[in-house]
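Asker: Here is my input, please return the structure:
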Amino acid sequence: MTQSLTPYLVSPSAAASVEFYKNAFGAEELDRHLAPDGRRLMHVHLRILGSDLMLSDDFCDQTGGRCETPAALGGNPVTLHLQVEDADAAWNQAVSAGAKVLTPLMDQFWGDRYGQLIDPFGYKWAIAQTKRTVSLEELAEGAKESFGRATEKSKGHEPQLVP
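Answerer: Numbering: from 1, shown residues only. Sure, this is the predicted structure:
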């Protein structure tokens with residue numbers, strides 16, 4: 001069966017992104033196409049842990065000046081999730097390659113060893129390893145405790161609803 005959903009990232013430097021993903025996550029490059037200007041990458045197809053990821057350089061000049069990188073958009077709400085067999089090894093490899101820690105890697109109430117990183121191009125990555133299976137009761141209790149702590153920390157920072 002082929003994949004039916006493949007993330008496509010827009011990078012401020014697709015060539016640098018490719019090298020970072022190779023070093024950080026062991027990406028395999030499957031395909032690369034240069035843009036007609038001979039400098040920028042029009043399309044790159046990677047495979048990370050058996051899943052596909054595609055990316056290109058930002059082509060603001062082709063989109064009426066609309067740039068689409070995380071920095072140009074003021075951030076990125078999407079997290080790319082990597083489910084791995086050894087979270088500590090994957091984490092250390094990504095950090096050594098230049099990823100910055102957003103949420104430290106630690107054992108979580110839902111049974112995973114989990115943490116979040118941000119790559120040099122503004123994309124968030126989660127690394128997770130299932131360590132144990134938790135019951136629905138354990139999950140509910142862990143969530144209640146965790147969300148309770150988060151609610152106390154965020155008082156006065158209520159989410160804004162979009163009409």
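
Asker: quick one, what contacts the closest residue to Arg32 other than its chain neighbours?
Answerer: Leaving out its chain neighbours, the residue that sits closest to Arg32 by Cβ to Cβ, 6 or more residues apart in numbering is Val44, at 5.1 Å. C-betas here are computed from N, CA, C, even on glycine. When contacts are counted by Cβ atoms under 8 Å, 6 or more residues apart in numbering, Val44 touches Ala14, Ser17, Val18, Glu29, Asp31, Arg32, His33, Met54, Leu55, Ser56.

Asker: Give me the pLDDT value at the last one.
Answerer: Going back to what we said before, that points to Ser56. In the predicted model, Ser56 carries a pLDDT score of 97.

Asker: one step back: which of the contacts of Val44 ranks first by neighbour count?
Answerer: Going through those with other Cβ atoms under 10 Å as the criterion, the one with the most neighbours is Ser17, at 25 neighbours.

Asker: helix/strand/coil for that one?
Answerer: Put simply, Ser17 is helix when judged by DSSP: H, G, I helix; E, B strand; the rest coil.

Asker: so how far is the helix or strand of the chain at the bottom of the mean pLDDT ranking from its chain's centroid?
Answerer: Within the chain, judged by mean pLDDT, DSSP states H and E, the helix or strand with the poorest mean is helix 136-153; its value is a mean of 84. How far helix 136-153 lies from its chain's middle: 24 Å, per Cα atoms, centre = their mean, to the nearest Å.

Asker: What lies in contact with it?
Answerer: Helix 136-153 is contacted from outside by Gln108, Phe109, Trp110, Val134, using Cβ under 8 Å, 6+ apart.

Asker: Can you name the residues bridging to Ile127?
Answerer: On the basis of DSSP bridges, Ile127 takes part in beta bridges with Leu82, Gly115.

Asker: Pull out the buried residues from stretch 81-99.
Answerer: Leu82, Val84, Ala87, Ala90, Trp91, Gln93, Ala94, Val95, Ala97, Ala99 (16 or more other Cβ atoms under 10 Å).

Asker: could you dump those to CSV with pLDDT and distance to Phe121?
Answerer: Formatted as CSV, those follow (pLDDT from 0 to 100; distance: Cβ to Cβ, whole Å):
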residue, pLDDT, distance to Phe121
Leu82, 97, 16
Val84, 97, 21
Ala87, 98, 22
Ala90, 98, 18
Trp91, 98, 18
Gln93, 98, 17
Ala94, 98, 13
Val95, 98, 16
Ala97, 98, 12
Ala99, 98, 10
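
Asker: from those, which is closest to Gly64?
Answerer: Ala99 (32.4 Å; Cβ to Cβ).
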